[in-house]
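Visitor: No sequence on hand, only this structure:
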């Protein structure tokens, strides 16, 4: 009897240590894989797994963008409208410059750069408002979201922009290299860049320091305002890349494409263990968090769960993830004492 109790105690300690070290993500992934594997025979097929990987690229990029801001103790509710405005501006520029003949590479290049420039400008305004005018990130980015969404609808009249060069869609939307989607290759490059930037550069360390303790970072000589602005600009650029890939796949500039991304990106970060208070988060965990959300959506689609109910599930997962992360931080604090 005592041996069984001891075994149960050791098992409980093992799971507690696993939770403290890895967070809630492994538990979520394990439960999801078991549930959907038994619910559908098509879930673990190579075709379906490839579809999950391809469809997760957009959210992975936006979640990494959100993580950059969250590391500095911020939040960006404007990622959705950055997607929309980048898509609209890039498409309109391509349509205006393309003659309708040839590959249209010049129009594609200028259109993409113009879209990314607009995205960076939105990030710059967000960063200046948060860093220099001390507007709370929630209020600043939510206000910008309303402004930019209104501008996108005004410019387009709420109508998608058609007529971009076919080469743009054929390569960046549906093209492959070595049998792998170009979209996945671009996403892998962005993941590698952000991972190196966050973990092995001075700027990345400053982001962690600012989010961990803003006052201490200022006293140590870090120009916190400049780096906070930089975080919002970099976040917007990564979101802009996601917008270009979405535009290529949809073959249109869409003013309504980003509605769900603020919630989904924050959920991916929370599930991946990024602290809402700043200073804590890992790129690889955020990537897995975004992949997990797309996996959940895919599994629910196979189970024929309605889209409205899916948003209920995602919202519930966000609440559970944030609660679990708070509990994990409490356990870490007790362990340090």
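Guide: It's in. Please read all numbers here as calculations on a predicted model, not as lab measurements.
Visitor: Residue ranges in the stretch 201-337 of the chain under the pLDDT threshold?
Guide: Where the stretch 201-337 of the chain drops to pLDDT under 70, the residues are 332-333, 335-337.
Visitor: now the helices for it?
Guide: 202-212, 214-219, 224-250, 261-271, 283-302, 307-336 (DSSP state H, counting those that start in this stretch).
Visitor: helices or strands up against the second one?
Guide: So that's helix 214-219. helix 202-212, helix 224-250 (3 or more Cβ pairs under 8 Å, 6 or more residues apart in numbering; DSSP states H and E). The C-beta positions use only the backbone N, C-alpha and C, and glycine is treated the same way.
Visitor: next one: the last one
Guide: Applying 3+ Cβ pairs under 8 Å, 6+ apart, we find helix 307-336 packed against helix 2-22, helix 261-271, helix 283-302.
Visitor: List the buried residues for it?
Guide: Within helix 307-336, the residues scored as buried using 16 or more other Cβ atoms under 10 Å are 310, 314, 317, 318, 321, 322, 324, 325, 328.
Visitor: swap in the third one?
Guide: Applying a neighbour-count criterion of 16+ other Cβ under 10 Å, one finds 224-225, 227-249 buried in helix 224-250.
Visitor: could you give the angle of that helix to helix 261-271?
Guide: Here helix 224-250 runs at an angle of 120 degrees relative to helix 261-271 (axes from the mean of the first three to the mean of the last three Cα atoms, to 10 degrees).
Visitor: could you give the angle of helix 224-250 to helix 202-212?
Guide: Using the same axes, to 10 degrees: helix 224-250 against helix 202-212 is 110 degrees.
Visitor: what residues does whichever strand or helix holds residue 146 touch?
Guide: Residue 146 is part of helix 137-156 when elements are defined by DSSP states H and E. Outside helix 137-156, the residues that touch it by Cβ atoms under 8 Å, 6 or more residues apart in numbering are 69, 73-78, 80-82, 84-85, 88, 92, 122, 125-126, 129-130, 253, 255, 262.
Visitor: let's go with 6 Å and repeat that
Guide: Under the criterion Cβ atoms under 6 Å, 6 or more residues apart in numbering, residues 74-78, 81, 84-85, 88, 126, 129-130, 255 lie in contact with helix 137-156.
Visitor: Name the residues of the helix or strand following that helix that are buried.
Guide: Moving toward the C-terminus from helix 137-156, the next helix or strand (DSSP H and E) is helix 166-168. Residues of helix 166-168 classed as buried: 167, 168 (neighbour count, 16+ other Cβ under 10 Å).
Visitor: Tell me how far helix 166-168 lies from the chain's centre.
Guide: 26 Å (Cα atoms, centre = their mean, to the nearest Å).
Visitor: what do you get for stretch 212-219?
Guide: 26 Å.
Visitor: now do stretch 308-315
Guide: 18 Å.
Visitor: cool, and stretch 59-72?
Guide: Relative to its chain's centre, stretch 59-72 lies at 5 Å (Cα atoms, centre = their mean).
Visitor: can I assume residue 103 sits in a strand?
Guide: No. Residue 103 sits outside any strand when classified using DSSP: H, G, I helix; E, B strand; the rest coil, being coil.
Visitor: I'd say it and residue 168 touch.
Guide: No. Under the criterion of Cβ atoms under 6 Å, residue 103 makes no contact with residue 168, lying 9.2 Å away.
Visitor: Residue nearest the middle of this structure, spatially speaking?
Guide: residue 63 (1.3 Å; Cα atoms, centre = their mean).
Visitor: Nothing else from me, thank you.
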